[in-house]
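1. Structure, please.
(one chain, ligands or ions: 1)
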Amino acid sequence: MSRLVCVSNRITLPRRTAAPGGLAVGVLAAMRDNGGLWFGWSGELSADTTAPTAITERDGVRYATIDLTQMQYDRYYKGFCNTSLWPLFHYLSDRFRYDHEWHDGYLAVNRLFAARLAPLLEPGDRIWVHDYHLIPLARELRALGVTQPIGFFLHIPFPHIEVLRLLPVAAEIIRDLTHYDLVGFQTEADERSFRAGLARVYAGDAPRVRTGAFPIGIDVDAVIAEAGAAMRTDPVKRMIGGLLGRRLMIGVDRLDYSKGLVERFSAYQRFLERNAELRRKLIYLQIAPLSRDDIQAYSQIRQALEQATGRTNGRFADTDWTPIRYLNKNFPHGTLMGFMRAAQVGIVTPLRDGMNLVAKEFVAAQDPADPGALILSSLAGAAHELDGAVIVNPYDLRGVAQAVAAAFAMPLAERQQRHAAMLAALRRRDLHAWYRGFLGAIDAARP
Ligand code: GDG
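-> Presented below is the predicted three-dimensional model:
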């Protein structure tokens, strides 16, 4: 069998307290089950650009990493990736900024990745490139004479061309994707947006590009096992003990403005205003590990959330009850699954999300005999599959507040029915189906 080579901006070595992030979950599973090579940035900054690629091996997977310079990090990662592409691809155009030096940095790092990866490749390899950081990589690899099949998967949404057009280099982004043998998206809507962009850039004369929708899933049985085991652990028992019999609503999101946390906090405040009789009976636990904290937009959102929590708790809390427990801590994955199992309501309200694995994990973590209800944004990719959730528009504060009340009031039979339907959907398209589907499509693209 041919070797799998995954490439992503950042490498995650398997650790107990893995950093949060959906991409790592997916790539790690594909690599663990297939073996192979994972290439990317070490997460370290270094002034020495001549240091050799570092290679380590763990559990049958080889990890090859390089460092970046401070300037590369600022222009490529903070600049073009996370201040141009990230907001724009999430349709948050007011947060979009552009600087041509950032774009130069983006191209330079992609060239560097290609130059460092090419010597590590073997003739039978299949190369799988992940996410928006590395769109130009196939073109750079081809320029170095790499002929092996190369697939690309976008973990975030692909915007409609009328939004993508805000980016001065929009046409280059689309042209660069045509150098892949296969371009995969989370949903058919994203795939259609890309196809519309292709048609626009090439005016009816587009090159043939294979595309497909490959919605990422979770390892359902692993989450069920994690959640069950976690219930017997100290952190989960202590959390439940601290509820003093009150019912729990939980949110788990990387601290990112695309996750709609400010809007969610406002909606919860509205819920408390309108439902005085429920006030002391429930607690909202929001876990939001910090991410990209050195980017201004992220430190601003962090401040806004601290203020919102303070306002709501200041206004509604009592000597023996606080309505919001807001934590910026990072937990082991299993502990999170236990917290989710202990909750009666899960709330996932991104303003836009490629998929959203937290929504899927919440469903799998539930006790099927007495499952919690899920509130889910219609603007998350996951809403295409999880139609047993209470679907909300995250901007509609009244609608979200009503959904919170409805979710807590949902009768057992209805919760069971919705949960069973969603669990069946998760099993149909789990994490293994995701990577097998994508790798199968690469093989079909280049028999
Ligand atoms: C991107 C796309 C797409 C969260 N906190 C901790 C922790 N997590 C885990 C969750 C989940 C993962 O991180 C987050 O995945 P999401 O899918 O929810 O979101 P993104 O990080 O934005 O992921 C997204 C995904 O890629 C996959 O394609 O679904 O749309 O934006 O697994 O449980 N894990 C640990 N500690 C935490 O504190 N260990």
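2. what's the first-to-last distance across stretch 290-302?
-> This stretch, stretch 290-302, spans 8 Å end to end (CA to CA, to the nearest Å).
3. Let's test this: mean pLDDT of that stretch, rounded?
-> Stretch 290-302 carries an average pLDDT of 93.
4. Is the ligand within reach of that stretch?
-> No. Using CB under 6 Å from any ligand atom, we find that stretch 290-302 stays clear of the ligand, coming within 7.7 Å at best. Glycine gets a C-beta too; all of them are placed from N, C-alpha and C.
5. Buried residues in that stretch, which are they?
-> For stretch 290-302, a neighbour-count test (16 or more other CB atoms under 10 Å) marks 290-292, 295, 297-298, 301-302 as buried.
6. Stretch 238-258 too?
-> For stretch 238-258, a neighbour-count test (16+ other CB under 10 Å) marks 239-240, 248-258 as buried.
7. which one among those residues gets closest to residue 435?
-> residue 254 (22.1 Å; CB to CB).
8. Could you report the distance from the nearest residue to the closest one once chain neighbours are set aside to residue 394?
-> If the residues on either side of it in the chain are set aside, residue 254 comes closest to residue 291, at 4.4 Å by CB to CB, 6 or more residues apart in numbering. Between residue 291 and residue 394 the distance, using CB to CB, to the nearest Å, works out to 19 Å.
9. re earlier: could you pick out which of the buried residues of stretch 238-258 are also in contact with the ligand?
-> Answer for those near the ligand (CB under 6 Å from any ligand atom): 252, 254.
10. Narrow the buried residues of stretch 238-258 to those in helices?
-> Counting by DSSP state H, those place 239-240 in helices.
11. how about TSV for the buried residues of stretch 238-258, with pLDDT added?
-> TSV is the format used below for the buried residues of stretch 238-258 (pLDDT from 0 to 100):
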residue	pLDDT
239	97
240	97
248	98
249	98
250	98
251	98
252	98
253	97
254	96
255	96
256	97
257	97
258	98
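12. Might you list the low-confidence residue ranges for this structure?
-> Judged by pLDDT under 70, the chain has its weakly predicted residues at 14-20, 447.
13. Centroid-wise, who is the farthest residue in it?
-> Taking CA atoms, centre = their mean, the residue of the chain most remote from its mean C-alpha position is residue 319, at 37.4 Å.
14. circling back to that earlier point, for the residue nearest to residue 254, which residues are in contact?
-> 20-21, 254-256, 298 (CB atoms under 8 Å, 6 or more residues apart in numbering).
15. about what we covered before: pick out the most distant pair among the buried residues of stretch 290-302.
-> 290 and 297 (13.1 Å).
16. Mind checking which of the buried residues of stretch 290-302 land in helices?
-> Going by DSSP H, the helices hold 297-298, 301-302 from the buried residues of stretch 290-302.
17. Which residues of the stretch 301-447 of the chain lie near the ligand?
-> Residues of the stretch 301-447 of the chain lying near the ligand (CB under 6 Å from any ligand atom): 330-333, 336, 353-358, 361.
18. returning to what we had before: out of the contacts of residue 291, the closest to residue 192 would be?
-> residue 256 (25.1 Å).
19. host element of the closest residue to residue 398 other than its chain neighbours?
-> Leaving aside its chain neighbours, residue 398 sits nearest to residue 270 (6.8 Å; criterion: CB to CB, 6+ apart). Per DSSP states H and E, residue 270 falls inside helix 261-274.
20. Quick check: next helix or strand after that helix?
-> Using DSSP H and E, the helix or strand that follows helix 261-274 in sequence is strand 282-287.
21. Direction included, what does that next one pair up with?
-> strand 247-252 (parallel), strand 324-327 (parallel) (DSSP bridges).
22. show me what contacts the closest residue to the ligand within the chain?
-> Proximity of the chain to the ligand (CB to the nearest ligand atom) peaks at residue 22, 2.4 Å away. Counting by CB under 8 Å, 6+ apart, residue 22 touches 155, 216, 354-357.
23. Let's see that with 7 Å instead.
-> By CB atoms under 7 Å, 6 or more residues apart in numbering, the contact set of residue 22 is 155, 357.
24. Next: the one 10 residues further on.
-> Counting by CB under 7 Å, 6+ apart, residue 32 makes contact with 59, 61.
25. ok, now with 10 Å
-> 14, 58-61 (CB atoms under 10 Å, 6 or more residues apart in numbering).
26. Quick check on those: which are buried?
-> Buried members of the contacts of residue 32, scored by 16+ other CB under 10 Å, are residue 61.
27. Might you report the residue contacts of the residue nearest to residue 250 when sequence neighbours are not counted?
-> Excluding the flanking residues, the one nearest residue 250 by CB to CB, 6+ apart is residue 343, at 4.0 Å. Contact analysis of residue 343 by CB under 10 Å, 6+ apart lists 239, 243, 247-252, 283-285, 362, 365-366, 372-374.
28. how about the residues of the stretch 51-200 of the chain near the ligand?
-> Counting by CB under 6 Å from any ligand atom, the residues of the stretch 51-200 of the chain near the ligand are 155-156.
29. Going along the chain, name the strands of the stretch 51-200 of the chain.
-> 54-58, 61-68, 126-130, 150-153, 182-185 (DSSP state E, counting those that start in this stretch).
30. Format those strands as TSV; extra columns: distance to residue 436.
-> Output for the strands of the stretch 51-200 of the chain, formatted as TSV (distance: least, CB to CB, whole Å):
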stretch	distance to residue 436
strand 54-58	23
strand 61-68	18
strand 126-130	12
strand 150-153	13
strand 182-185	12
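31. Compare those strands and give me the one nearest residue 98.
-> Of the strands of the stretch 51-200 of the chain, nearest to residue 98 by CB to CB is strand 61-68, at 20.7 Å.
32. and the closest one with strand 54-58, angle?
-> Between the axes of strand 61-68 and strand 54-58, defined by axes from the mean of the first three to the mean of the last three CA atoms, to 10 degrees, the angle is 150 degrees.
33. Strand 61-68: partners in the sheet, and parallel or antiparallel?
-> Neighbouring strands of strand 61-68 in its sheet, by DSSP bridges, are strand 36-45 (parallel), strand 54-58 (antiparallel).
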